[in-house]
Every structure is written in structure tokens, then in C-alpha cells.
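Chemist: got a predicted model here, sequence first, then my questions.
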Amino acid sequence: MKPILEIYPKQEVQRKPVGKPLILTCRPTVPEPALVADLQWKDNLNNTILPKPTGRNQPPMYTETLPGESLALMIPSLSVEMGGKYYCTASYANTEILEKAVTIKTYVAITWTNAPENQYPTLGRDYIVMCEVKADPNPTIDWLRNGDPVSTIKTSFIYQNVIQIFISSTQIRNGEKYVVQTNGLMIRGVEESDEGIYTCRAAVIETGELLERTIRVEVFIQPMIVSLPANLEAIEGKPFAANCTATGKPVPEISWIRDATQLNVATADRFQVNPQTGLVTISSVNQEDYGNYTCLAKNKAGVVDQKTKLNVLVRPQIYELYNVTGSRTKEIAITCRAKGRPAPAITFRRWGTQEEYSKGIQVDDERIVLERYFDEDRGESTGTLRIANARRSDDGLYQCIARNKGADAYKTGHITVEFAPDFSQMKDLPPVFSWEQRKANLSCLAMGIPNATIEWHWNGRKIKELYDTNLKIEGTGPRSDLIVHPVTRQYYTSYKCIATNIHGTAEHDMQLKEARVPDFVAAATPRQLTATTMTFDIRGPPTELGLPILAYSVQYKEALNPDWSTAYNRSWSPDSPYIVEGLRPQTEYSFRFAARNQVGLGNWGVNQQQSTPRRSAPEEPKPLHSPAQHDNEEPVVVSPYSDHFELRWGVPADNGEPIDKYQIKYCPGVKISGTWTELENSCNTMEVVETTSFEMTQLNGNTYYRIELKAHNAIGYSSPASIIMKTTRGNDDVIQVAERQSISSASIVGIAVGGVLLLLLVVDILCCITVHMGVMATMCRKAKRSPSEIDDEAKLGSLYGWRFPLPYCSGQLVKEPPPSPLPLPPPVKLGGSPMTSPLDEKEPLHTPTGSIKQNSTIEFDGRFVHSRSGEIIGKNSAV
């Protein structure tokens, strides 16, 4: 075997990319490996390549001995300079030189130098999809879009042919959509449809290397401000917000710049900006915020701006409004000054009204003129309200109103119209009365501005100079009181009140008169007679202004009784019914009447005798319903319900016998040719006791009913009171009246308490019978008394012992009847109204011996008659 050297890999030419590592192994193939010496590698410059030194930096290339007597050439990173022929040499048996050569050829692999994986063209512009490639030998480039080859085309359609050009090619054809350039693919007039996945593919034919770069293309759209007013208005001291709306892709970021300072307002106090929506807010607007602002909208596709002006509206402020004073018949002017931006318009109005004065002469009052002046540069305005020939009615509060776009401002001033004293408000006052030397107060009040000074004159002389102790003056104006003590009749005369101020003098005479009791009652005529009551119409005596009748009184007695001192008394207020009650049927009475005023009771007069009729059926009851509509000529009461109606009435006079029940009859009916026709078969008749109301149920909706009401006593029925009632129209959702009333909570509690008490009573009786204990046992023991005690009780007569028999105390029922109570005294007449019963009413009226006769009064409040004992001293108990 011939000794040789072998290099692995065995290819004589090794092609490797620059930057890649390389290992070449030299192995001797000889009969005796031990005879091989000086095995080494030489580089392309024929320099011996040394082994890697220990502890030093790694050299560009070095040798390393491998097991099996092999020597490896180690190149960590190939460079272009390392290309060439390398030799492996050795000596064999010191007689033969062995040598083997290998050629290293380097090349540059495909490298992406500028090919971002995400690229963003702008809508409407030309854009180059960057794909710069480095390789040696030169590569060829072609493009794919969404997996399909891309050609240069004149329309937006893609032809299916592959572009393969060298990187040095720069050929461009006018009108083509896509153009391959040395640094990428140019897209002309980018549209949103150009978005997609693009593939840049590089190939080196000599080396067979193929590499692809996937590029995601997303079309961006430049920002565009679509909403921003040219002028904005904000109100000083109030919050403000404005929107700058912009579109774009990606969503643009919006900022606001104040032109005067070129600062972003988002960093300023009181300002907040939402960069996504473009909303700028000011928590409280200042006047300094006035000026121009720029809205900037920015995204990766570009920047756009638009300007606007912020006008700050300064709310009006009234800084001058003074109260003014003028004289009647003269001109009065009140001026109001205000500031604001824009300068506010000023007007006036009377306090308490909403009607404002208009500029210039007023249509409804030519005396009043409103003048306005504006200073827009200073933001000030003035308003003057002039009133010619001022009147007393012009006096009062006036409200100044300053108004602009920002707000309204209000301030109130007063116009005082001075005038001479005036007593017009006292001309209709009645004279002052006194009696029995009572002190009288003559009050004089003078209207005038300024306040008037008051003096009193009597018989042409000043009262303060008379030094009369019976005449006392309190106050000198504008009110003054003259206290007169009329100890003699000379003081009942006229007194003069004189008021004076800087504008003039006024006089007013005041009369002090002596008051007397009323004259005789002019007439008292019976209007309605029943068996037990009598109603009068009273015509009073003539009265003086300021001394009205306070009450009317009547005394009445049986005609057979000559003594008026035993007569009964009644008093009424003038506006109440004059009714005498508690009379006996078929009895003749004597009546006399008198009137009362502040002085006292007048003389008795209008003496007359009247007889009450015999006992009879009650008077006709009066239903308490007002007609809501009239059906032709007959009034109709409308029920608010469709299925029920509550009838209410007043208690009529019983005519000597108490009313024991009422009869209600109601029949549905119709009117035919103006004639009421009842449906007799559908009539209902009900009787009620001890009530003045009755609820009619199960009625038909939208139906007329004739209702007859009669009162009944022992004599018979009264004449019927009749009304026509109509129910409302019914519907399905009307809540029907329950036929059975539900038990109230109070009734339930009462039943429960009664049950508990009954149970306790049963238990107590059982305890009494079985163990002789409990309440019953105690009462039984107390019942077993000595005979003497029983006799004493019999002598005294027990009023209550018969009421509580103890049937279980002795174990058997009590068979004896209960003892009779002591005879009770007859009822005592109180307040002139005898207490009667059906038995004793047949007897003539009498006054029990030793009883005290009392006066009583009757008052009517418009709804009810009230009776009370005691002497009346005035209308409605007012002095």
C-alpha cells in the first residue's frame, strides 16, 4: 500500500458561506502509522497553521490533533480573505514527503439588510415596500402578494407572471401599479385594497440558495379633522367643553396647543384633554383663557392641525344701583351700571312682576322712558329709567336686570316718592264709641313721606296746651293716639287730627260718640213650627256704623205662667238660624225678643204668643247631596261609582216623637217623552235605624235611580224626600263593592281579648268549685256576712248589689229576685232645656223646685247648630 494523505470532506473544492465555521480533517493512510512525522496544515499563503495556544484568544484559524493520528484545521468564522488553496503535509519514515491540497471557495449568503416585517404605506401616496438584500454572488428577487406572483401592471388587477430581475435593474414603466426597484417594491397611489401579506423572495443560482421574507403591509390614513368650530364660546366661572374630532388610521392622537404660549394645554391647570376623543374640558373658565387655540391630530401617517378661537363670555355684574328719592309730580330717574362681555343689555321691572320695561317710551305709560348706553370696548353698559310726573303709585322696589349671552344679573333698588300727608285711608272708618265713662282710643294714622308730625285740636285749640288730664296723647306721628276719658258728656264730640311734613298739611276729624244698647227688635215672625221646635225670622233694630248687633236673645215660657223670671232663655249669633227647641207639643208659649251689642242687652219687645202643634210624623228629611247636572228640569245627583252610591241626609224634626227608623226606596227608571217611568219590579226598599247614611250596592252602571227617603216615628212616616241619582258608566276594571265587610283589626283584637277573659273566667270558676280559691271564692267568702250587716244593707238599700248576683258562690243558682234599687231623683233641667222622655213629655213644662235656671246660647257655624249654657257677650263668643 502506497502511503498517502486524505482530507475530509474529500471534495477538492470546498464552497462555504462567509461567516460560517469550517473544519477540514487531514488523515494519513500508511502501512505504519507510527512512521508518520511532522503532520501539519499550511494556509493559502503557505504559512504553517499553529495549534491553538493555551489561555489566549482564539485565533482566526488553528489546528487541533484528533484521535486516530488525524490533524484538523479549525476555522471558527470564514471570511472572504480566507479563500484559496490549503495544504496538509507530513514525512513518512523520514524518507518520503506526503502532501494533499484542498481549495476553499467562499461566498456571501443571502442577508436581509433592510426588509422590516411590518410596513405601513400612506393612503394616496407612492410607497416602496422595502426589501434590501446582500449576497455574493448577486441574488435574483421576485415578489408574491398573498401567495401569488406580482407583476408590474397598469391596473389594479394582477397578471400571473413572475418578475425575475437582477437587483441592479431600475427599469420603470409609466402607469404601472407595481414597480420592482433595487430596494423594494414601489406601489403607486396606495389604496386600502393594497393591504396584505407580501413575500420578498431572493435566490442565488450559483449556490442554489433561496430565502423568503414575509412582509405585512397595512395602509395608514393621514389624520383629518372633521369637526371643530371656528369660534367657541365659554362663560366665565363655569365649566366648558369642546370637541376636536379627527379621523385616520391608526386612530390619531389629538392635542390642543394654545397659540399665545405654544404650550400643550393638557399640562396646564384647569385643563384636561382626552387624546383619543379630542375632548378638551376647562373646570372653570377665566378671562385669561380667551384667545386662539390649535387642534393637532397626529398618527404614523402624518400630522394635521386646525385653529379655533375661544371667546370668553363674562357674566354680567351690576356694580352700581342707588336708591333714589323724588317728589310727587316731579321727574325721578334711577340708574343701573353693569359690566360684562359682551356688554350687557340693561332693563328694569317692578318688584314682584315679570313684565320688563322696553327700550324707549313705554306703550302703556308714556311717563316712563328707558335709556341704554353701551361701551363694547370696556364691556360696560348703563341703563336709566326716567319717570316724569311721579305718582305715589311709582313708589316701590325696582329690579335692574343686566343680560348677555353668559347669564343674567339682578339687583334691586328703591324709588321713594315723597308726598304731603293724606288721610284718605281713614275717611270710611266708623266713629269711636264709649259708654259708662270707659276710656276711648282715637287712633290717627297719616300717610306721607317723609313721616308726618301729628297734633290734636279740640274746639279750635291744641289739646297739649289744655293740660286736661282726661285727654292723653300717645305718639306724635305718623300714628298718634288720643286717649279720651269721657267723665262728662262734653267729651262726646269731634276731635281734629292735623298732620304736617315738608310737603304740606292735612286734617281729619274724628268723632267720639256715646254708645247705647240697641232699640227694640223690629219684628220676630215664626217661619216653621213643629211639635217641639219653633223657627223665627228676626228683623233687628237700626244700627250705627261701628256698633253692630252681636246677638239676639229670646225669653219664652208657657202662656199660663205669668212669671217671666222663670222663663227660658236662648241667644243666637246674627248669622245662625233662630230656632227654639225643647218645646212641648200642643202648648201655647209666650215669647219676647231683644238685641245685644257691645254695650249690652236692649229692651225686651215683640211680645207674642204661639202654640205648638200636636205630635205628628217627622218632618221630611233633607238629603245632603248637591246636584251635579240637570236632566231637563229635574236636578240629578251623579254617583262617582258605577255599582254603588252612599245616600246621606240630615236629621229632621221629630214633631214630638223620636225618630226610630228611616225607609229608603230606590228604583231604576228612564224618562220617556219627559215623563219619569220607574221599573217597579226592580225597586228595593230598605229600613235603617240610628244612622243618617245608607250605602246602595249592586247598582247598574250608567243608570238613573229615583230615591225616596222617609223618616218614621211612633206617629208614622214623614213625607218622602226624593232625588234622582245617576251612576257612572261601568267597565270591566271597576272594583265592585264587597257585599260583606271585612273584619277590622280593632274587632279582631276585641275578639281575642274577650276570648282570653272568657277562658280566665272559666278557669276561675273551676278553681272556686274544686279548691275554693280564686276571685269567685273570695267574693263568696265576702258574701257570707253576719245577719246584722245584712239588715243594715237592707235598711240603706243597695243600688248595685242586685246587679251582680253570684250564682256559683254557694254551688247553686240564686233563686230570689234581685233587690230593687233606691228611687233615683228626677232629671234636673240644665241650660233651660228640659230632659224629657216619651212618658213625661205628655205633662206640661215645669221648673223643678229648687232648680237653678240657666241661660243658653245657640250658634250656627254654617254647617251645625251649637247650644251651650251661659250668657252670650258677642258674636261667636267674641267680645
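Modeler: Alright, I've got the coordinates. Numbers count the residues shown, from 1 in each chain.
Chemist: what's the pLDDT at the closest residue in space to residue 271 that isn't next to it in sequence?
Modeler: Excluding its sequence neighbours, the residue lying closest to residue 271 (CB to CB, 6 or more residues apart in numbering) is residue 265, at 4.3 Å. Glycine gets a C-beta too; all of them are placed from N, C-alpha and C. You'll see residue 265 listed with a pLDDT of 92.
Chemist: count the neighbours of residue 265 for me.
Modeler: A count of neighbours around residue 265, defined by other CB atoms under 10 Å, yields 19.
Chemist: could you check how far it is from residue 254?
Modeler: The gap separating residue 265 from residue 254 is 12 Å, by CB to CB, to the nearest Å.
Chemist: low-scoring pLDDT stretches of the chain, where are they?
Modeler: For the chain, the stretches flagged by pLDDT under 70 are 151-175, 629-633, 674, 680, 731-746, 771-772, 777, 779-879.
Chemist: in it, which spans are helices?
Modeler: For the chain, the helices defined by DSSP state H cover 745-771, 775-783, 787-796.
Chemist: residue 563: what's it in contact with?
Modeler: When contacts are counted by CB atoms under 8 Å, 6 or more residues apart in numbering, residue 563 touches residue 557.
Chemist: distance-wise, check it relative to residue 557.
Modeler: 8 Å.
Chemist: likewise residue 46?
Modeler: For residue 46 relative to residue 557 (CB to CB), the value is 173 Å.
Chemist: same check on residue 113?
Modeler: Counting by CB to CB, the gap from residue 113 to residue 557 is 141 Å.
Chemist: list the contacts for the nearest residue to residue 607 once chain neighbours are set aside?
Modeler: Excluding the flanking residues, the one nearest residue 607 by CB to CB, 6+ apart is residue 592, at 4.7 Å. By CB under 8 Å, 6+ apart, the contact set of residue 592 is 554, 555, 556, 564, 604, 605, 606, 607, 608.
Chemist: for residue 592, give the beta-bridge partners.
Modeler: In this entry, residue 592 is beta-bridged to residue 555, by DSSP bridges.
Chemist: next, count neighbours for residue 21.
Modeler: By the criterion of other CB under 10 Å, residue 21 has 10 neighbours.
Chemist: and residue 715, how far from residue 531?
Modeler: 9 Å.
Chemist: hey, what's in contact with both of those two?
Modeler: Common neighbours of residue 715 and residue 531, counting by CB under 8 Å, 6+ apart, are 615, 616, 655, 656, 657.
Chemist: biggest separation within these, which pair?
Modeler: The two members of the shared contacts of residue 715 and residue 531 with the most space between them (CB to CB) are 616 and 657, at 8.2 Å.
Chemist: determine the residues that are contacts of both of the two.
Modeler: Residues touching both residue 616 and residue 657 (CB under 8 Å, 6+ apart): 531, 715.
Chemist: so which residues of the stretch 51-200 of the chain form strands?
Modeler: Here the stretch 51-200 of the chain has its strands, by DSSP state E, counting those that start in this stretch, at 62-66, 70-75, 84-92, 96-114, 118-119, 127-130, 132-136, 140-145, 148-149, 165-166, 178-181, 184-187, 196-204.
Chemist: want to try TSV for these, with distance to residue 369 as columns?
Modeler: Below are these laid out as TSV (distance: least, CB to CB, whole Å):
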stretch	distance to residue 369
strand 62-66	116
strand 70-75	112
strand 84-92	116
strand 96-114	85
strand 118-119	78
strand 127-130	75
strand 132-136	87
strand 140-145	84
strand 148-149	88
strand 165-166	94
strand 178-181	83
strand 184-187	77
strand 196-204	80
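Chemist: residue 596 is nearest to which of the ones you listed?
Modeler: strand 118-119 (112.9 Å).
Chemist: tell me what the closest one is packed against?
Modeler: Strand 118-119 is packed against strand 209-217, with contacts defined by 3 or more CB pairs under 8 Å, 6 or more residues apart in numbering; DSSP states H and E.
Chemist: what does the strand it packs on rub up against?
Modeler: Identification of contacts with strand 209-217 by CB under 8 Å, 6+ apart yields 109-110, 112, 115-121, 129, 131, 135, 139, 194-204.
Chemist: before we move on, back to that, more crowded one of residue 715 and residue 531?
Modeler: Higher neighbour count among residue 715 and residue 531: residue 531, with 24 against 16, using other CB under 10 Å.
Chemist: go ahead and confirm that one touches residue 656.
Modeler: Yes - taking contacts as CB atoms under 8 Å, residue 531 lies within contact range of residue 656: 3.4 Å.
Chemist: list residues touching both of these two?
Modeler: In contact with both residue 531 and residue 656: 585, 614, 615, 616, using CB under 8 Å, 6+ apart.
Chemist: from those residues, which would you call buried?
Modeler: Neighbour counting by 16 or more other CB atoms under 10 Å classes 585, 615, 616 among the shared contacts of residue 531 and residue 656 as buried.
Chemist: any idea how far residue 525 is from the last one?
Modeler: The gap separating residue 616 from residue 525 is 22 Å, by CB to CB.
Chemist: and what of the second one?
Modeler: Using CB to CB, one gets 24 Å for the distance from residue 615 to residue 525.
Chemist: for the first one, same thing?
Modeler: Spatial separation of residue 585 from residue 525 under the definition CB to CB is 21 Å.
Chemist: cool, and residue 765?
Modeler: In this view, residue 765 and residue 525 are 68 Å apart by CB to CB.
Chemist: ok, residue 300 next?
Modeler: Using CB to CB, residue 300 is found at 111 Å from residue 525.
Chemist: look at these two and report which has more neighbours.
Modeler: Shown here are residue 300 and residue 525; by other CB under 10 Å, residue 300 has more neighbours (14 against 11).
Chemist: residue contacts, the nearest residue to the more buried one once chain neighbours are set aside?
Modeler: Nearest residue to residue 300, sequence neighbours excluded (CB to CB, 6+ apart): residue 220, at 5.5 Å. Residues near residue 220 by CB under 8 Å, 6+ apart: 120, 121, 122, 123, 248, 249, 250, 299, 300, 301.
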